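Student: no FASTA, just this:
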């Protein structure tokens with residue numbers, strides 16, 4: 001039966017990842033596994049199960065490691081909407097005096113009604129465990145597993161206080177990460193409002209990742225947004241070439257807008273997946289082209305074929 005449980009874990013992980021992407025919800029990792037024969041036999045012996053296949057509920061397991069506690073309600077909604085929930089346990093909220101450490105949210109599920117057809121006939125009656133953990137909950141569980149402490153009474157008395165204090169620090173850190181994200185969202189909202197209320201003052205700001213992101217969204221509203229990775233790479237380049245204020249970028253974009261438009265029209269970038277041309281530049285690409293037209297030092301880093309193509313349009317750059 002193990003191959004079926006492997007397929008079940010893969011399917012549950014896929015469904016989860018698809019719906020998390022649809023909700024634009026970031027996460028650290030989604031992994032799946034089917035229990036090994038060795039692990040199965042060890043658990044059956046330890047628990048003294050009389051009906052092993054019925055009583056072992058984690059023959060298929062999926063682990064979702066997410067980033068922020070505030071995202072948990074949306075994750076719960078997705079799981080409870082897309083799967084048939086058999087059991088739900090939140091070990092963070094269980095007040096057990098002989099339990100220590102930082103818990104997690106556990107589900108036992110079967111495939112939902114949407115998963116129908118021949119592909120699912122052998123899977124629909126099988127149970128899968130889903131563990132939902134923050135990055136820090138996952139880190140705690142890995143360390144605790146390594147130390148082999150299942151409950152507080154297993155821990156030597158002289159280590160007990162330190163472990164419980166560390167558990168509290170992990171929990172506090174999760175709360176702090178949530179607060180930090182909230183403060184960041186407030187900052188980005190202030191940046192966004194600052195553009196519309198006082199563009200001149202906004203452009204005088206020193207460049208950082210968040211205001212650069214909002215600047216690109218504001219300057220190029222009709223283009224597909226650049227990825228976080230591309231914006232991070234651009235930020236590194238800007239620092240390397242001495243661009244410290246948003247107004248420097250804005251001036252380069254304004255001066256070169258006609259040249260960039262003509263260059264993009266004649267030499268459009270191609271879609272990396274299809275190879276098809278006529279794909280508009282993302283905002284980061286427009287900024288790079290603008291800098292190549294207006295900054296000789298930056299232009300030198302361009303591949304020679306691109307420099308030759310751009311030479312056709314340098315006369316369009318405003319003086």
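Tutor: Received, thanks. If you're wondering where the values come from, they're calculated on a predicted model, not measured in any experiment.
Student: Can you pull the poorly scored residue ranges out of this structure?
Tutor: In the predicted model, the chain carries pLDDT under 70 at residues 92-103, 144-145, 147-155, 271-278, 305.
Student: any chance you could map the strands in this structure?
Tutor: 27-34, 60-66, 83-90, 105-111, 128-134 (DSSP state E).
Student: Export these to a markdown table and append columns for mean neighbour count.
Tutor: For every residue, glycine as well, the C-beta is placed using N, CA and C. Output for the strands of the chain, formatted as a markdown table (neighbours: other C-beta atoms under 10 Å):
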| stretch | mean neighbour count |
| --- | --- |
| strand 27-34 | 16 |
| strand 60-66 | 23 |
| strand 83-90 | 15 |
| strand 105-111 | 20 |
| strand 128-134 | 24 |
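Student: Quick one: the ones you listed as TSV, columns for distance to residue 162 too.
Tutor: Putting these into TSV (distance: least, C-beta to C-beta, whole Å) gives the following:
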stretch	distance to residue 162
strand 27-34	27
strand 60-66	25
strand 83-90	26
strand 105-111	26
strand 128-134	22
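Student: right, so of those strands, which gets closest to residue 319?
Tutor: With C-beta to C-beta, the closest approach to residue 319 among the strands of the chain belongs to strand 27-34: 49.3 Å.
Student: Report all helices and strands that that closest one contacts.
Tutor: With contacts taken as 3 or more C-beta pairs under 8 Å, 6 or more residues apart in numbering; DSSP states H and E, strand 27-34 sits against helix 2-22, strand 60-66.
Student: which helices and strands sit right next to the first one?
Tutor: For helix 2-22, the packing partners by 3+ C-beta pairs under 8 Å, 6+ apart come out as strand 27-34, strand 60-66, helix 72-82, strand 105-111, strand 128-134.
Student: Just give me how far it sits from the chain centre.
Tutor: In this view, helix 2-22 has its centroid 17 Å away from the chain centroid, taken as C-alpha atoms, centre = their mean, to the nearest Å.
Student: swap in the shortest one?
Tutor: The chain centroid and the centroid of strand 60-66 are separated by 15 Å, computed with C-alpha atoms, centre = their mean.
Student: Could you do stretch 29-37 as well?
Tutor: On C-alpha atoms, centre = their mean, the centre of stretch 29-37 falls 20 Å from that of its chain.
Student: what's in contact with that stretch?
Tutor: Under the contact criterion C-beta atoms under 8 Å, 6 or more residues apart in numbering, stretch 29-37 has outside partners 2-3, 5-6, 8-10, 12-13, 16-17, 20, 43, 56, 58-65.
Student: Then stretch 279-295?
Tutor: With C-beta under 8 Å, 6+ apart as the criterion, stretch 279-295 contacts 216-217, 219-220, 223-227, 230-231, 233-234, 237, 241, 243, 249, 252-253, 255-257, 259-260, 263-264, 268-271, 298-299, 302, 306-307, 310, 313-314, 317.
Student: I would like a PyMOL command selecting only the buried ones among these, please.
Tutor: Here is the PyMOL command that selects only those of those that count as buried (16 or more other C-beta atoms under 10 Å):
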select buried, resi 216+217+219+220+223+226+230+231+234+243+249+252+253+255+256+257+259+260+263+264+298+299+302+306+310+313+317
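Student: circling back to that earlier point, just the buried ones from the contacts of stretch 29-37?
Tutor: 5-6, 8-10, 12-13, 16, 20, 56, 58-65.
Student: So what touches stretch 197-216?
Tutor: Taking C-beta under 8 Å, 6+ apart as the rule, stretch 197-216 contacts 184, 187-188, 191-192, 194-195, 225-226, 228, 231-232, 234-235, 238, 243-247, 249-250, 283-284, 287.
Student: Buried ones among those?
Tutor: The buried subset of the contacts of stretch 197-216 (16+ other C-beta under 10 Å) comprises 191-192, 194-195, 226, 231, 234-235, 238, 243, 246-247, 249-250, 283-284, 287.
Student: hang on, the earlier thing: let's have the helices and strands packed on helix 2-22 in TSV, adding distance to residue 166.
Tutor: Formatted as TSV, these follow (distance: least, C-beta to C-beta, whole Å):
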stretch	distance to residue 166
strand 27-34	21
strand 60-66	19
helix 72-82	22
strand 105-111	21
strand 128-134	15
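Student: Domains in this protein, by residue range?
Tutor: 2-174, 206-316 (automatic domain parsing).
Student: Looking at those, which is nearest to residue 180?
Tutor: domain 2-174 (9.1 Å).
Student: can I assume residue 132 is in contact with residue 74?
Tutor: No: Residue 132 is not in contact with residue 74 according to C-beta atoms under 8 Å; the separation is 11.3 Å.
Student: Which parts of the stretch 201-319 of the chain are helices?
Tutor: 209-219, 228-240, 246-266, 283-294, 296-299, 304-311 (DSSP state H, counting those that start in this stretch).
Student: Now do the longest one: which elements does it pack against?
Tutor: Read it as helix 246-266. helix 199-203, helix 209-219, helix 283-294, helix 304-311.
Student: One more pass at 6 Å, please.
Tutor: helix 199-203, helix 283-294 (3 or more C-beta pairs under 6 Å, 6 or more residues apart in numbering; DSSP states H and E).
Student: Brilliant, that's me finished.
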